[in-house]
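A.B. asks: Requesting a structural model of the entry that follows:
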Amino acid sequence: MIKCAPAVTPDALILCCALANTAGGWLAEGRDIPDLVITAGSNGTHMPHSRHGTYQALDVRSKTFQPADKLPFLRAVIARLGTPVAVTTPTGPGYQTANGQWLGILEYQGQAREHYHVERN
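C.D. replies: Predicted structure coming up:
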């Protein structure tokens, strides 16, 4: 049985499953993938209108991925949640599902604070 604290929402679990299943698929294909490290949930300071405060967003370390794998991995995560559509945001490139329910961004690409941000839209 899996038990979760009240702050662990279904959306956070869905995102974790999408991340884990994507990583597992890449490993099954023989691709290298670094450990997935969730660096923020509801903790920390986030942009206005971020879904972190409602427990509907996660930040994941991306700096340990090979540069050529960063956006393809994010696209694959979003593809687990729906049909991916490329987007550009003020903080970086990413993908959202065609129905607009999920969003993934490679924020601050190439900078010290680079990370994946994935959220329910």
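
A.B. asks: Could you give the number of residues near the nearest residue to residue 35 once chain neighbours are set aside?
C.D. replies: Closest residue in space to residue 35, ignoring its immediate chain neighbours: residue 64 at 7.3 Å, by Cβ to Cβ, 6 or more residues apart in numbering. Every C-beta, even on glycine, is put in place using the N, C-alpha and C of the backbone. Residues lying near residue 64 (other Cβ atoms under 10 Å) number 11.

A.B. asks: Quick check: which ranges of this structure have low pLDDT?
C.D. replies: 1, 40-48, 52-55 (pLDDT under 70).

A.B. asks: quick one, helices of it?
C.D. replies: 10-28, 70-81 (DSSP state H).

A.B. asks: Report the buried residues of the last one.
C.D. replies: For helix 70-81, burial by neighbour count (16 or more other Cβ atoms under 10 Å) applies to 70, 71, 73, 74, 75, 76, 77, 78, 80, 81.

A.B. asks: Out of the residues you listed, which is nearest to residue 117?
C.D. replies: residue 74 (9.6 Å; Cβ to Cβ).

A.B. asks: still on that earlier bit, surely the residue nearest to residue 35 meets residue 32?
C.D. replies: No. Counting by Cβ atoms under 8 Å, residue 64 sits too far from residue 32 to count as a contact (10.4 Å).

A.B. asks: Start and end of stretch 111-121, how far apart?
C.D. replies: End-to-end distance for stretch 111-121: 25 Å, by Cα to Cα, to the nearest Å.
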